[in-house]
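# kindly return the folded structure for what I paste below:
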Amino acid sequence: MKNNYSSLENLTLQKLIRAGDQEAFRIIYERYWDKIFVICNNRIPQKDIAEDLLQDIFISLWNNPKLEEIQNLEAYLSQAAKFSIIKYLNRSSRIDFVDPNSYGLLDRVEELGLDDALCIKELQQLIFQEVERLPEKAKIIFNYSRIDHLDSREIAEKLNISHRTVENQISKSLKHLRIFINNLKSLLFF
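Below you'll find the model as predicted:
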C-alpha cells in the first residue's frame, strides 16, 4: 500500500497518521512542508529558525489527538505556522499583541478547526503580557475599568484624580491595544 499513499486524500492519511503510520506522515509532510516553510520564512528571515518552527509544527501535527477531525489540513497548518510565528516573535523580540476576542479573531480560529482551548489560552497570555506593559498608572486604571468593571467616576475617586484623566487614560490604553490587535491580525491572516 505504501506505493499508493501519494494518491490518498488528506483525511485518509490523517487517520493513518493517528494510527502511527510514518509513511502517511511523510506524504503529508512532502505535500505541505514548502508552503508552510514559505509562511514561516517570510516573517522569520533566519532560515534555521524558520526550519525549527516548521519542524515544531509537524511534530505537533503528529502528536495531535484530534488530527482526524481537521477538515482542511492546509488551512490548519497555515494557521499553526502563524501562531508559531507569533509565539516566536513574542518570546524573542518582545513584540506584543492583544485581545483575540476583538475583531472576530477567535471566530476565525474556530472556523479553521484549531484546538480552541490552546489557541485561546496562548492568545490570552499575549493579551495579559501587553496589558502588563502599559505604563503603571494606565495599567491600574485599565484593570479597574476592564477587570473590576468600575466606571470612570469610581476609579477617579479611588485614585484621587479627575474623572476626565481616567477617561483619557482608558482611551489611550484602548487605542494602544487596537494597534496591537491590527498587528496580530496582519500576522495571523497575511
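# which residues does L174 contact?
With contacts defined as Cβ atoms under 8 Å, 6 or more residues apart in numbering, L174 has no neighbours. (C-beta placed from N, C-alpha, C; glycine too.)
# I meant to write L150 there.
Taking Cβ under 8 Å, 6+ apart, we find L150 in contact with Y144, K158.
# now it: which helix or strand?
Following DSSP states H and E, there is no helix or strand that holds L150.
# next SSE downstream of the helix or strand hosting E130?
The secondary structure element spanning E130 is helix 116-132 (assigned by DSSP H and E). Next along the chain after helix 116-132, taking DSSP H and E as the criterion, comes helix 136-146.
# and that next one, how far from the chain's centre?
Once both centres are worked out by Cα atoms, centre = their mean, to the nearest Å, helix 136-146 turns out to sit 25 Å from its chain's centre.
# stretch 30-39 too?
Relative to the centre of its chain, stretch 30-39 is centred 19 Å away, using Cα atoms, centre = their mean.
# repeat for stretch 76-88
Centre-to-centre, stretch 76-88 and its host chain are 7 Å apart (Cα atoms, centre = their mean).
# got the buried residues for it?
Y76, L77, S78, Q79, A80, A81, K82, F83, S84, I85, I86, Y88 (16 or more other Cβ atoms under 10 Å).
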